[in-house]
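Participant: heads up, no residue letters with this:
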């Protein structure tokens, strides 16, 4: 789906003009970009989180010239999908993760309760 198709989907789903849907989409995307640029993260519960990640400087390799090159440190945007989004894309993976967590919880013995302290006689 491209930007125009997305705008058409918003317009038809919310009974607004394509121009209005375009402005809505522009507001959403520019708000996300502005927040991430400042270093804030944007979390849309059930969808995912947009955030800024710092990459350290490193040494790379230029295969055309056959030489090592220095790659400067940089900040890059990152999207981490939420659990509901992951489950919608691959329901089997979500079920496997839930089963694994269930097995881990079943294998872990219950925590013992601390013994009650006896009262001192005076």
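Facilitator: Now that the structure is in, tell me what you want to look at. Keep in mind that what you see is a predicted model, and the values were worked out from it rather than measured. Numbering: from 1, shown residues only.

Participant: For residue 112, give me the pLDDT.
Facilitator: Taken from the predicted model, the pLDDT recorded for residue 112 is 66.

Participant: Nearest spatial neighbour of residue 73, chain-adjacent residues omitted?
Facilitator: Computed as CB to CB, 6 or more residues apart in numbering, the closest residue to residue 73 that is not its neighbour in sequence is residue 57, at 4.3 Å. Bear in mind the C-beta positions are built from the backbone N, C-alpha and C, glycine included.

Participant: scratch that, residue 68 is what I was asking about
Facilitator: Excluding the flanking residues, the one nearest residue 68 by CB to CB, 6+ apart is residue 59, at 5.4 Å.

Participant: Got the confidence number for residue 120?
Facilitator: Value for residue 120, per-residue pLDDT: 67.

Participant: now do residue 14
Facilitator: Residue 14 is given a pLDDT of 95.

Participant: Quick one: residues contacting the nearest residue to it once chain neighbours are set aside.
Facilitator: Leaving out its chain neighbours, the residue that sits closest to residue 14 by CB to CB, 6+ apart is residue 21, at 7.2 Å. Residue 21 makes contact with 7, 8, 10, 11, 14 under the criterion CB atoms under 8 Å, 6 or more residues apart in numbering.

Participant: For residue 91, see how far away residue 21 is.
Facilitator: Here residue 21 is placed at a distance of 30 Å from residue 91 (CB to CB, to the nearest Å).

Participant: try residue 20
Facilitator: Look at residue 20 and residue 91: by CB to CB, they are 35 Å apart.

Participant: more crowded one of those two?
Facilitator: residue 20 (14 against 10; other CB atoms under 10 Å).

Participant: tell me which element that one falls in.
Facilitator: Using DSSP states H and E, residue 20 sits in helix 18-38.

Participant: coming back round to it: the residue nearest to residue 73 touches residue 69, doesn't it?
Facilitator: No: counting by CB atoms under 8 Å, residue 57 does not reach residue 69; the two are 11.3 Å apart.

Participant: what about stretch 59-68, how long is it end to end?
Facilitator: From its first residue to its last, stretch 59-68 covers 7 Å (CA to CA, to the nearest Å).
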